[in-house]
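> sequence and computational prediction follow.
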Amino acid sequence: MSPVLPRERLIVAIANLLDGVRHVAVGASSPIPAAGAMLRRALAEAADAPRVRISILGSVAHNFFTNGSAELFDCAGQGRIDAFFLGGGQIDGEANINLVGIGDYPQTKVRWPGSFGSAYLYFVVPRVILFREEHSPRVFVEKVDFVSAPGTSPEGVHRTGGPHALLTGMGQFSFDRERRRFRLTSVHPGHTLESIKAATGFAFDHDPVAAMTADPDARVLALLRGRVLDELAETYPEFARGLSAELAA
Amino acid sequence: MSPVLPRERLIVAIANLLDGVRHVAVGASSPIPAAGAMLRRALAEAADAPRVRISILGSVAHNFFTNGSAELFDCAGQGRIDAFFLGGGQIDGEANINLVGIGDYPQTKVRWPGSFGSAYLYFVVPRVILFREEHSPRVFVEKVDFVSAPGTSPEGVHRTGGPHALLTGMGQFSFDRERRRFRLTSVHPGHTLESIKAATGFAFDHDPVAAMTADPDARVLALLRGRVLDELAETYPEFARGLSAELAA
Amino acid sequence: MSTVLTLDAMARRVKPGMKLALPVDYAGVSMAMTRPLIAHGAGRLHVVCLPTGGMQPDMLIGAGLVETIETSAMTLGEAGGAPCFARAIAAGSIRIVDSTCPAVHAGFLAAQKGVPFATLRGLIGTDILAHRPDWKVIDNPFSETPDPIVAIPAIRPDVAIFHAPVADRDGNVWIGRRRELASLAYASEQTLVTVERIVDESLLSDERTAAGVIPALYVEAVAVAREGAKPLGLWGEYGPDMMEVARYAREARSEAGFRAFLDGADHALEAAR
Amino acid sequence: MSTVLTLDAMARRVKPGMKLALPVDYAGVSMAMTRPLIAHGAGRLHVVCLPTGGMQPDMLIGAGLVETIETSAMTLGEAGGAPCFARAIAAGSIRIVDSTCPAVHAGFLAAQKGVPFATLRGLIGTDILAHRPDWKVIDNPFSETPDPIVAIPAIRPDVAIFHAPVADRDGNVWIGRRRELASLAYASEQTLVTVERIVDESLLSDERTAAGVIPALYVEAVAVAREGAKPLGLWGEYGPDMMEVARYAREARSEAGFRAFLDGADHALEAAR
């Protein structure tokens, strides 16, 4: 079997983070989260666990909604979505995310598309997975320039959801909502605690010696490279082709 | 031409009250208001006036709604319904209506179905026509036992609609929202100011000599007995048959 | 994937004290579930009608299963008043929570949207509002002058039951333009649906049918019940049997008559088996 | 009965200073109206996107017609950021009213329901809320402890414009499960719709199609525009032409490039005539 690719590692990490969910929603143009969700669904089926439902925004095959683009948010408000993914042009050490821009609002120097549904979904989806492949000081900042969605909320503010984990190209973090701090839980092969510290603009907790991200076992890898890759090809043909080519190389 | 039937007079009176509306909604099982609306539509077409839209609740041919039973109320709230009809087990001199029951609520001696949408529509439909064929002291009371919907509202309460007229088997009234009083505007043939007074449990204004309800002109009657009766037969076949039989008698 | 159940198994999903949501008579009432619900006997129900109730909640009242009925009306339409309801009101044996149609819709919508309440114009000055301590009059924060408006709390039923023409094997249910059935499903914890038939092809695979579908996501279980809305009608399938509804209206006027009608229903059921 | 217009006549319904509502790129954008709107030139528009904006509002911004853009995002999807929007933000030549998707939906829903506002969870502690003086934080009246919740005022556009597959002669428009188009129509004073084709039979006569129809009641005017969403896609009809969107993304990066793209569009239009 060919060695584990970095992107496969991310997909497996996501599948692990989704353990136990019944319904996961994935934003448009998010092939890695979608693949992670598909792998979780395949694992659940193999284990005879309750079915995992996947809603991929903008997909036809994975669009179970019939009430327009409001339905995702309604569904989340009803507690029918267990997990969702958010990224961010900036993410800070308190898990605040910025999807709007850099500099003084509103005339920001750099302007990103905007907050989309983050200012709502981050509050009401129990397991929000922060996912950003690029791990650099320009992404992971001390303090975001604009809060599209805050990592935590004061007591008394209705909040049934929030950050569950942060996954990057270098490692994986958990988030402590009480202490409002990330904790490095594992370092992907090829990176070190020191390289992660250097690439991160905020302080985070970690064990004295950081654990390495474990390799997926052969059964999981086989599922991913077989069934999941096939399913992925329907929604993200280019991404699936790229991954297959990398595996063949 | 056969003489004008009492129910034809009511239909014509309703058509007159609907002059200028663009969209009139009619409740289920309301053949006379529906016929009045259809006559108004026919008159508007004959006069090349803007089209009159009729929504008949529960009808298939006259159901232009596609968003379930909430759509009527949404539509009214958007200002897209100009006229509607309400009745009442009791109607009092301040145009309050009672669709709930007689006696002490909730254990009323007599219980009617309930308020339906009246507690909303009476507030937001500009021209609500109160229609009740039975004209008796048990219907037209001094004070209703239960206010399903009030005739007027204090200043500061959002109210874009309300009672436009009261039509009964004996006569027709206008309503003065400032003074919160009905005024008898015409007496149907066969009745008198005195008989109306005797049958009405509340005091109302009137001219010293009350006007008689005018006979519809021949053109209007021809429209009613022709096209409108045909249209009516689609939605209220029994009512239309009854009216035709009476005309033939 | 929703579960396919028998009617009796479906009835057992209803537990004593639950809040049970039912649709208006013309929208798709699962009359086929009425008898199994009565046989199962889960009582102390809080029945909420979207937005009015008819024969089914009247029968549940007659069978003594209903503690509270929340509705903007109870009626058998052209067949007249709801007899068991009227008897229960006169006897004071039921709690009536009077509403108005758009207020019921507003409560379901609030649940659909995951908000604690929705607002509604009208209502101020009515005795409906006077008897609804669960509603609050708040001040419109966007008005410069005092502007009272009624806030209606979310209605979150434990279970909704209705009847629709068709479901597919995934549990997607076609409701056409009867969008109130979608409201029931969005707002309710569990939605139980009886259908005329189950089809093999996904109702979501054709955009034409997809437009009228409640996704399986909201559907807990499906059961097949041919002519399951009768004697009420099902749009596009069959009209109501007004003679039968009128017979019910007549016979159920007394407690004994209602029981006899139920027994008759039993016999009809036996005969049909 | 809605009026059937030409695209140019339809564009003239838009007056300077109006609040113009547009749908998200995948829901049915009337790209065919973009050029006529720019030619007509009604400016100072307040454009509100349900819930995000793409190529069409970006082009209207590029043409200088937009004073305010209210949206939860501006994006060309896989083709990247919206270039004229980015340029206008950097130059400070446009007022941006940042929102979040469900807040835009809530504003439209409030207008649909005829209420002054709707509430929404989330938002508290965001800089979006900090920059929305038109939103208010109120206290949930149903909570025993303090429970702040954001109230979003109704969004009532003067005009909504979108593209759909088909209309009938009465002006009923089939939108399938793209229910955000219904929200646009319910909330807006005038709704202008371009369609691929007009059919003779009423879309309401068959319950299957009726489920996905916006009734003519909400439709001010209809115009035929074959492939009227291109280069964006129209569900069930054609996919987006991502090459063309990418070309726009590239060329419109400069003011001059945007003008040249517009001229090119003119020429393509001429050629097609």
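Ah, there it is.

> and for the closest residue to chain C within chain A, the neighbour number?
Distance from chain C to each residue of chain A (CB to the nearest CB) is smallest for residue A:77, at 2.0 Å. Every residue, glycine included, has its C-beta placed from N, CA and C. By the criterion of other CB atoms under 10 Å in any protein chain shown, residue A:77 has 26 neighbours.

> tell me how far it lies from chain D.
7 Å (CB to the nearest CB, to the nearest Å).

> tell me the phi and psi of that residue?
Residue A:77 adopts backbone torsions of phi -60, psi -30, taken as degrees, to the nearest 10.

> mind listing what's buried along stretch C:245-263?
For stretch C:245-263, burial by neighbour count (16 or more other CB atoms under 10 Å in any protein chain shown) applies to C:245, C:246, C:248, C:249, C:251, C:252, C:253, C:258, C:261, C:262.

> out of those, which touch chain A?
With CB under 8 Å from any CB of the partner chain as the criterion, these include none near chain A.

> pairing partners for the residue positioned nearest the centre of chain C in the sheet, please.
In chain C, the C-alpha nearest the mean C-alpha coordinate belongs to residue C:22, at 0.7 Å (CA atoms, centre = their mean). Beta-bridge partners recorded for residue C:22 (DSSP bridges): residue C:49.

> enumerate every residue touching it.
C:29, C:47, C:48, C:49, C:50, C:53, C:56, C:57, C:160, C:161, C:162 (CB atoms under 8 Å, 6 or more residues apart in numbering or on different chains).

> from the residues you listed, which single one is nearest residue A:21?
Nearest to residue A:21 among the contacts of residue C:22: residue C:160, at 24.4 Å, using CB to CB.

> doesn't residue C:183 make contact with the closest one?
No: counting by CB atoms under 8 Å, residue C:160 stays clear of residue C:183, with 9.1 Å between them.

> neighbours around the nearest residue in space to residue A:130 that is not next to it in sequence, how many?
Nearest residue to residue A:130 in three dimensions, chain neighbours excluded: residue A:166, at 4.3 Å (CB to CB, 6 or more residues apart in numbering or on different chains). Using other CB under 10 Å, residue A:166 is surrounded by 26 other residues.

> after the helix or strand containing residue A:166, next one along is what?
Applying DSSP states H and E as the criterion places residue A:166 in strand A:163-168. Per DSSP H and E, the first helix or strand lying C-terminal to strand A:163-168 is strand A:171-176.

> before we move on, the earlier item: how much space between the closest residue in space to the residue of chain A closest to chain C that isn't next to it in sequence and chain B?
Using CB to CB, 6+ apart and skipping the chain neighbours, the partner closest in space to residue A:77 is residue C:114 (2.0 Å). As judged by CB to the nearest CB, residue C:114 and chain B stand 18 Å apart.

> also residue C:201?
Distance from residue C:201 to chain B, by CB to the nearest CB: 24 Å.

> wasn't that residue part of a helix?
No: in this structure, residue C:201 is coil, not part of a helix, as judged by DSSP: H, G, I helix; E, B strand; the rest coil.

> contact partners for the residue lying closest to it once chain neighbours are set aside?
Spatial nearest neighbour of residue C:201, chain neighbours left out: residue C:168 (6.7 Å); criterion: CB to CB, 6+ apart. With contacts defined as CB under 8 Å, 6+ apart, the neighbours of residue C:168 are C:198, C:199, C:200, C:201, C:202, C:203, C:204.
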